[in-house]
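> What would the 3D arrangement of this be:
(2 chains)
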Number of protein chains: 2
Amino acid sequence: MSIMRPIAIIGGTGPAGTGLALRWARGGETIILGSRDAQRAQDAANKIIGRIGIQAKVSGMENSAACAAADILMLTVPFDGQVALLKQLKPAMRPGSVLIDATVPLAAAVGGRASRTIGVWQGSAAQQAAELVAKEVSVVAAFHNVSAELLNGDDPLDCDIVVCSDNADASQITRALVAKIPGLRAIDGGKLENARIVEQVTALLIGLNIRHKGHAGIRITGLPPAAYQ
Amino acid sequence: MSIMRPIAIIGGTGPAGTGLALRWARGGETIILGSRDAQRAQDAANKIIGRIGIQAKVSGMENSAACAAADILMLTVPFDGQVALLKQLKPAMRPGSVLIDATVPLAAAVGGRASRTIGVWQGSAAQQAAELVAKEVSVVAAFHNVSAELLNGDDPLDCDIVVCSDNADASQITRALVAKIPGLRAIDGGKLENARIVEQVTALLIGLNIRHKGHAGIRITGLPPAAYQ
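Purely as a prediction, here's the structure:
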């Protein structure tokens, strides 16, 4: 069952964006890949169609156009691009949109290591995003801890997605999107402010990947089945 | 196979301390529970012996005495007790000791929520600990993310322990201690500074426990088998 609304993946031509697009398109969702360059977005969309088949509903547009064409927006950009992009997109965002932010404030953004983070004044990249959008747009933090490389593969994943938001409906929509991807499991992580920990975990996982040569993810154990809905 | 050296669990009469003592004593290790009050420590030790049987090698002592009687020291105290206790114990610690720190800087230490943390100047409670001990003592950060309540039970656990230290031997000893507890799996998490993320994860798990009424732990997925050694 499709969620019946197009999903715009903003900054969607990087590994995380194309991986999510591939997985959701396989699940029958309609995907609009956004990029600074419309042609680049269209090329990335065609690659995904080439992998899945012509029934795949994937197109490419310039970021603002993608944003204006959907009310579920998935943001997959490096931390150093987040503020400028959100400022640019603000006029294009529809009131009532859900903005799912996967940004991680890695120290790589300032020339440091990807296994370290830098401090964000608002507490997390997700809270920074919330400050930059209109209040009619609901921000959700999710998808930080899943390997972009594994998303771009064909195997089921092995990762839990902790979903944080101050808007219950937006959190619910996001958790439904998580459940569309085989092997991912969504957990309601409560308020958006909790994203500050979930974002940090990515840096830990990157450090483990470097140390142990893997594609680390996390599972949360010890919760009742109802927690994963 | 016992690791053949007594383990002193400092501040060991709280739930985390008694849980680790119970699990290690079941595995044949020699445990010295430490407490401010020697009698309280002895009472807690007797309770564990009552559960396991008279073959259990568990005794209780005042914290400084416990510290002086072992060169593997496990610190399980609330954040607001860590600095004072380490200052008190410094003269009692043997050179060459391994200090395993499980302290988490929960905001509860200053009257806030246990699902939030407070900032530690050094970056993490573990790094604060490292500043407070002699340089002949190796600090390891570990056991932050395992449920104290589940440790005090009888079932195998379902949790990975990310072990962070700047001393490879101390990390190795700690990972061997992790492996003594059924269902726990140790992962070399690299440098001690990485403890700042592992500590934060505890606050996230506490939040999930409150929200979903569970006893959350974590598993790291996607790493090769050699990572868990």
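
> what's the spatially closest residue to residue A:95 that is not a sequence neighbour in contact with, if anything?
Closest residue in space to residue A:95, ignoring its immediate chain neighbours: residue A:136 at 3.7 Å, by CB to CB, 6 or more residues apart in numbering or on different chains. For the C-beta atoms, the positions are set from N, CA and C on the backbone; glycine is no exception. Residue A:136 makes contacts with A:95, A:96, A:97, as judged by CB atoms under 8 Å, 6 or more residues apart in numbering or on different chains.

> Where is the longest strand in chain A?
If you go by DSSP state E, chain A has its longest strand at strand A:159-165.

> What is the distance between that one and the centre of its chain?
11 Å (CA atoms, centre = their mean, to the nearest Å).

> Output that strand as CSV, restricted to C-alpha atoms.
C-alpha atoms of strand A:159-165 as CSV (Å, rounded to 0.1, in the frame of the first residue of the first chain):
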residue,chain,number,x,y,z
CYS,A,159,18.4,-1.2,11.7
ASP,A,160,16.0,0.6,13.9
ILE,A,161,15.0,4.2,13.1
VAL,A,162,14.4,6.4,16.1
VAL,A,163,11.8,9.0,15.1
CYS,A,164,11.7,12.3,17.0
SER,A,165,9.1,15.1,16.5
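
> How about the helix or strand following it and chain B, any contact?
Note on strand A:159-165: by DSSP states H and E, the next helix or strand toward the C-terminus is helix A:168-179. No: using CB under 8 Å from any CB of the partner chain, we find that helix A:168-179 stays clear of chain B, coming within 11.6 Å at best.

> now the angle from the next helix or strand after helix A:168-179 to strand A:159-165?
Per DSSP H and E, helix A:168-179 leads on to strand A:184-188 as the next helix or strand towards the C-terminus. Inter-element angle recorded for strand A:184-188 and strand A:159-165: 30 degrees (by axes from the mean of the first three to the mean of the last three CA atoms, to 10 degrees).

> Show me what the very next helix or strand once past strand A:184-188 is packed against.
Counting by DSSP H and E, the next helix or strand C-terminal to strand A:184-188 is helix A:195-212. Packing contacts for helix A:195-212, counted by 3 or more CB pairs under 8 Å, 6 or more residues apart in numbering or on different chains; DSSP states H and E, involve helix A:125-132, strand A:138-141, strand A:159-165, strand A:217-221, strand B:184-188, helix B:195-212.

> Can I get the second one in CSV, CA atoms only?
Yep, that's strand A:138-141 we're talking about. Extracted in CSV, the C-alpha atoms of strand A:138-141 (Å, rounded to 0.1, in the frame of the first residue of the first chain):
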residue,chain,number,x,y,z
SER,A,138,6.3,20.0,11.1
VAL,A,139,9.9,18.8,11.5
VAL,A,140,10.7,15.2,12.2
ALA,A,141,14.2,13.8,12.8
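
> Tell me the bridge partners for residue A:62.
Residue A:62 forms beta bridges with residue A:35, as assigned by DSSP bridges.

> wait, what's in contact with it?
Counted by CB under 8 Å, 6+ apart, residue A:62 has contacts A:34, A:35, A:36, A:37, A:38, A:41.

> Spatially nearest residue to the fourth one, not counting backbone neighbours?
Yep, that's residue A:37 we're talking about. Going by CB to CB, 6+ apart, residue A:37 has residue A:62 as its nearest residue, at 7.2 Å.

> where's that neighbour relative to residue A:41, distance?
The gap separating residue A:62 from residue A:41 is 7 Å, by CB to CB, to the nearest Å.

> ok, now residue A:178?
Counting by CB to CB - residue A:178 and residue A:41 are separated by 24 Å.

> In terms of packing, which of those two has more residues around it?
Legend: neighbour count by other CB atoms under 10 Å in any protein chain shown for residue A:178 and residue A:41, higher for residue A:41 (27 against 21).

> For the more buried one, I want the exact helix or strand it lies within.
helix A:38-52.

> So what's the gap between that helix and the chain middle?
On CA atoms, centre = their mean, the centre of helix A:38-52 falls 18 Å from the chain's centre.

> Give the other helices and strands that it contacts.
The contact analysis (3+ CB pairs under 8 Å, 6+ apart) places helix A:38-52 against helix A:15-26, strand A:31-35, strand A:58-62.

> Report the backbone C-alpha coordinates of that helix in PDB.
Listed next in PDB are the C-alpha coordinates belonging to helix A:38-52 (Å, rounded to 0.1, in the frame of the first residue of the first chain):
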ATOM      1  CA  ALA A  38      17.500  19.700 -12.300                       C
ATOM      2  CA  GLN A  39      19.400  17.600 -14.900                       C
ATOM      3  CA  ARG A  40      21.500  15.900 -12.200                       C
ATOM      4  CA  ALA A  41      18.300  15.100 -10.400                       C
ATOM      5  CA  GLN A  42      16.700  13.600 -13.500                       C
ATOM      6  CA  ASP A  43      19.900  11.600 -14.200                       C
ATOM      7  CA  ALA A  44      19.800  10.100 -10.700                       C
ATOM      8  CA  ALA A  45      16.000   9.400 -11.100                       C
ATOM      9  CA  ASN A  46      16.700   7.600 -14.400                       C
ATOM     10  CA  LYS A  47      19.400   5.500 -12.700                       C
ATOM     11  CA  ILE A  48      16.900   4.300 -10.100                       C
ATOM     12  CA  ILE A  49      14.300   3.600 -12.800                       C
ATOM     13  CA  GLY A  50      17.000   1.600 -14.600                       C
ATOM     14  CA  ARG A  51      17.400  -0.500 -11.500                       C
ATOM     15  CA  ILE A  52      13.800  -1.100 -10.600                       C
END
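
> how much does that helix deviate in direction from strand A:31-35?
Going by the same axes, to 10 degrees, helix A:38-52 makes 140 degrees with strand A:31-35.

> hang on, the earlier thing: in terms of pLDDT, where does the residue nearest to residue A:37 sit?
Note for residue A:62: predicted pLDDT of 98.
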